[in-house]
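Participant: Predicted model and sequence below, questions to follow.
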Amino acid sequence: MYLLGIDIGTSGTKTVLFDTKGKQVASALEEYGMAQPKAGWAEQNPEDWWHAVANTIKQVIDASGIEPDQIKGIGLSGQMHGLVLLDEHNQVIRPSIIWCDQRTQKQCDDMTAIVGRDKLIEITGNPAITGFTASKILWVKDNEPKNYERVHHILLPKDYIRLKLTGVYATEVSDASGMQLLDIEKRDWSDELLELLGIDRNLLAKVYESVEVTGGVTADVSQLTGLAKGTPVVGGAGDQAAGAIGNGIIAKGHVSATIGTSGVVFAHTDKPLKDPKGRIQTFCHALPGAWHVMGVTQGAGLSLRWYRDNFCTNEQHVAEDMGCDPYELMTKEAAQAEVGSKGLMYLPYLMGERTPHLDPYAKGVFFGIAPSHTKRDMIRAIMEGVTYSLRDCLTLIHDLGIETNTVRVSGGGSKSALWRQMQADIYDRPVTTIHASEGPALGVAILAGVGTGVFSSVEEACEQLIDYGEGIQPNTANHQRYMQFYTLYAKLYAQLKDTFKAHQALL
Ligand SMILES: Nc1ncnc2c1ncn2[C@@H]1O[C@H](COP(=O)(O)OP(=O)(O)O)[C@@H](O)[C@H]1O
Ligand SMILES: O=C(CO)[C@@H](O)[C@H](O)COP(=O)(O)O
């Protein structure tokens, strides 16, 4: 018996076939780009996600050599908050405005004026946030009324893929929370909010719990991909909740830090614990009856990817010749720089920032450049700046009264031994990893196993499937040195806040 996890990430789609012991049998990745038509905008084409999903499913089935009817269930994980608008024939009306897009400050201000900040936090767990879906819907209504008139269905990225796989319009509580239209205590759409914002409930998909079966693979998709017709597809989860399940973040005291394109510190809660200042986000967890809080760094892995794509062509060529990953070469260089990068500092606000500043106008900054600095310092400074930002998230979660003793680190960034140790040193806490590299895909495979009766509960599945690696202890001397720079790092944003806004006005 096997379970299939599909993770529709920002950088690409990863499809992984697991056996029921959690061992990866086959996996495939297909990358795609992100368009930035204007400063602070970010869009992707939903058809690119679908091609990547269909191709990677086919590759995984071919590579594994298994009989497709041995796949007992499929789980979908996806980048959160992206807006997919479909017409009456299920055609995509415009490119998806994705999670890191920052164009909707005006619509956020409108939402706050119409609903009230406290009420937004009470119902949805969060103040109006530019990255979330509700303000994107209002932006299309305001700026592209002809497109909005054609809308018959509003879906999230992974739920668009579900429609392609099963023909069913469905979502689930963890990802639906990120649309900012869900009453997170009731775990269903808020009619009050929908009415206040003038959004028709019929445009939205039915909300399921993450472990529930939402439909089966259609005959057409079976022919296209090799999957067996009728293979059950469960609700799945937004990629952060999915990754958390894959990391075993399912009980009090469990905390993870993920460096993907974004960076996220995530903690399980057994009730919806809301930050009255709205800096930490509160959503439904993919675990039935649970919620979670998270702090988000918009440009975490994105910062290193930006540096790789623009300044590391040499590393990319060498890596291609050596058959290795350019990030490995880059982080090897960074490991030769000293702790604190000789005073070179980096603010990772390439796409504005969510936690702790909630500022769509913030931008990336290198500070303190001297002639002695080289590329290795720059790479290391990026990694350090991202980790300082994740420390901001961890501190706020800790301040909400949540235990944060050990942190489970994951995501593409945590493949690097340097970044894992840096996280331990900067958080001043032990960090652990799991042995599977694809947390979100494993997380939704677990949900699929629970939904199809392979496991009796998420807890049982996590116990059987997740294999924890060695803990890494913080180094006290490194921690002290990092904290000298972290103090300045915090001051830099405060000093640049108004300048960021004036700068945005020129773009
Ligand atoms: N070996 C590595 N060392 C350091 N960072 C890495 C490595 N591999 C990937 N990354 C970082 O992880 C990011 C991708 O993380 P991943 O979890 O795969 O992406 P996504 O958020 O799109 O799902 C890249 O943008 C890069 O910054
Ligand atoms: O906006 C959020 C979470 O609120 C992001 O975490 C997105 O869900 C994208 O995730 P990655 O592609 O970085 O995994």
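Facilitator: Received, thanks. Ligands and ions are numbered 1, 2, ... in the order given.
Participant: near ligand 1, which residues of this protein show up?
Facilitator: Proximity of the chain to ligand 1 is confined to 9-11, 259-261, 301, 304-305, 325, 327-328, 331, 411-413, 415-416, 419 under the rule C-beta under 6 Å from any ligand atom. C-beta: built from backbone N, CA, C; applies to glycine.
Participant: which among those residues end up buried?
Facilitator: 9-11, 259-261, 301, 304-305, 325, 327, 331, 411-413, 415-416, 419 (16 or more other C-beta atoms under 10 Å).
Participant: Give me the subset of these lying in helices.
Facilitator: 301, 304-305, 327, 331, 419 (DSSP state H).
Participant: Break this protein into its domains for me.
Facilitator: Annotated domains of the chain cover 2-247+436-465, 296-433+473-502 [automatic domain parsing].
Participant: The longest one vs ligand 2: in contact?
Facilitator: Yes: using C-beta under 6 Å from any ligand atom, we find that domain 2-247+436-465 touches ligand 2 at 9-10, 79-81, 99, 131, 178, 238-240.
Participant: ok, the ones in helices among the buried ones among the residues of the chain next to ligand 1 vs ligand 2, which is closest?
Facilitator: The shortest gap between ligand 2 and any of these belongs to residue 301, at 6.6 Å (C-beta to the nearest ligand atom).
Participant: the helices in the stretch 1-150 of the chain, which residues?
Facilitator: Applying DSSP state H, counting those that start in this stretch to the stretch 1-150 of the chain gives helices spanning 46-64, 105-115, 117-124, 133-143, 145-149.
Participant: right, so those helices: which one is the most enclosed?
Facilitator: Across these, averaging neighbours per residue (mean count of other C-beta atoms under 10 Å) puts helix 133-143 on top, at a mean of 22.
Participant: Show me what that helix is packed up against.
Facilitator: Taking 3 or more C-beta pairs under 8 Å, 6 or more residues apart in numbering; DSSP states H and E as contact, the helices and strands that helix 133-143 lies on are strand 96-97, helix 105-115, helix 145-149, helix 191-197.
Participant: For it, the averaged confidence score.
Facilitator: Per-residue pLDDT values over helix 133-143 give a mean of 98.
Participant: could you check the angle helix 105-115 makes with it?
Facilitator: When axes from the mean of the first three to the mean of the last three C-alpha atoms, to 10 degrees is applied, the directions of helix 133-143 and helix 105-115 differ by 110 degrees.
Participant: and the direction of helix 133-143 versus that of helix 117-124, what angle?
Facilitator: Going by the same axes, to 10 degrees, helix 133-143 makes 120 degrees with helix 117-124.
Participant: Can I get helix 133-143 as CSV, trimmed to CA atoms?
Facilitator: Listed next in CSV are the C-alpha coordinates belonging to helix 133-143 (Å, rounded to 0.1, in the frame of the first residue of the first chain):
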residue,chain,number,x,y,z
THR,A,133,-6.8,36.2,-0.2
ALA,A,134,-9.8,38.4,0.9
SER,A,135,-8.0,41.7,0.1
LYS,A,136,-6.9,40.2,-3.3
ILE,A,137,-10.6,39.5,-4.2
LEU,A,138,-11.4,43.1,-3.3
TRP,A,139,-8.5,44.3,-5.4
VAL,A,140,-9.8,42.5,-8.5
LYS,A,141,-13.4,43.8,-7.8
ASP,A,142,-12.0,47.4,-7.6
ASN,A,143,-9.5,47.3,-10.4
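Participant: got a list of contacts for that helix?
Facilitator: Contacts to helix 133-143, defined as C-beta atoms under 8 Å, 6 or more residues apart in numbering, come from residues 81-83, 85, 94, 97, 101, 103-104, 106-108, 110-111, 128-129, 147-148, 151, 154, 156, 178-181, 197-199.
Participant: Pull out the buried residues from those residues.
Facilitator: By 16+ other C-beta under 10 Å, the contacts of helix 133-143 give 81-83, 85, 94, 97, 101, 103-104, 107-108, 110-111, 128-129, 148, 151, 154, 156, 178-181, 197, 199 as buried.
Participant: and stretch 443-450, how far from the chain's centre?
Facilitator: Relative to the mean C-alpha coordinate of its chain, stretch 443-450 is positioned 18 Å out (C-alpha atoms, centre = their mean, to the nearest Å).
Participant: same question, stretch 57-77
Facilitator: For stretch 57-77 - counting by C-alpha atoms, centre = their mean - the centre lies 24 Å from the chain centre.
Participant: List the residues that contact the closest residue to ligand 1 within the stretch 151-300 of the chain.
Facilitator: Taking C-beta to the nearest ligand atom as the measure, the point where the stretch 151-300 of the chain comes nearest ligand 1 is residue 260, at 2.4 Å. The neighbourhood of residue 260, defined by C-beta under 8 Å, 6+ apart, consists of 9-11, 239, 243, 300-301, 411-413.
Participant: Pick out whichever of the residues you listed sits closest to residue 64.
Facilitator: Each of the contacts of residue 260 was checked against residue 64 using C-beta to C-beta; the closest is residue 9, at 21.3 Å.
Participant: The closest one and residue 76 touch, don't they?
Facilitator: No: the pair formed by residue 9 and residue 76 falls short of the contact definition of C-beta atoms under 8 Å, at 11.9 Å.
Participant: Return, as residue ranges, the portions of the chain with sub-threshold pLDDT.
Facilitator: Within the chain, the ranges that satisfy pLDDT under 70 run 435-437.
Participant: again, 80 this time
Facilitator: Across the chain, the stretches falling below the confidence threshold (pLDDT under 80) are 434-438, 469-470.
Participant: biggest helix in it by residues?
Facilitator: helix 476-505.
Participant: And residue 125, its phi and psi?
Facilitator: Summarising the backbone geometry of residue 125 under the convention degrees, to the nearest 10, its torsions are phi 90, psi 0.
Participant: What residue, apart from its backbone neighbours, is nearest it spatially?
Facilitator: residue 282 (3.4 Å; C-beta to C-beta, 6 or more residues apart in numbering).
Participant: my read: the one you found touches residue 293, true?
Facilitator: Yes: if you go by C-beta under 8 Å, residue 282 and residue 293 touch, sitting 5.3 Å apart.
Participant: Roughly how far does the residue in the stretch 101-250 of the chain positioned nearest to ligand 2 sit from residue 78?
Facilitator: Using C-beta to the nearest ligand atom, the point where the stretch 101-250 of the chain gets nearest to ligand 2 is residue 239, with a distance of 4.5 Å. Separation of residue 239 from residue 78 (C-beta to C-beta, to the nearest Å) stands at 6 Å.
Participant: Those two: who's more crowded?
Facilitator: Summary of the neighbour comparison: residue 239 and residue 78, criterion other C-beta atoms under 10 Å, with residue 239 having more neighbours (33 against 30).
Participant: Return the distance of that one relative to residue 393.
Facilitator: Separation of residue 239 from residue 393 (C-beta to C-beta) stands at 16 Å.
Participant: same deal with residue 74?
Facilitator: If you measure residue 74 against residue 393 using C-beta to C-beta, the figure is 31 Å.
Participant: Other residues contacting stretch 185-205?
Facilitator: Identification of contacts with stretch 185-205 by C-beta under 8 Å, 6+ apart yields 111, 114-115, 120, 123-124, 134, 137-138, 141, 151-155, 159, 169-171, 173, 176, 179, 181-183, 207, 209, 272, 284.
Participant: cool, and stretch 317-334?
Facilitator: Outside stretch 317-334, the residues within contact range by C-beta under 8 Å, 6+ apart are 304, 307-308, 312, 315-316, 375-376, 379-380, 383, 412, 415-416, 418-419.
Participant: next one: phi and psi at the residue with the largest distance to the centre of the chain?
Facilitator: Checked against the mean C-alpha position of the chain, the extreme residue using C-alpha atoms, centre = their mean is residue 371, at a distance of 36.7 Å. Listed backbone geometry of residue 371 is phi -60, psi -20, with angles given as degrees, to the nearest 10.
Participant: What are the boundaries of the helices in the stretch 251-400 of the chain?
Facilitator: For the stretch 251-400 of the chain, helices defined by DSSP H, counting those that start in this stretch occupy the ranges 301-311, 313-322, 326-335, 375-399.
Participant: That concludes my questions; thank you for your assistance.
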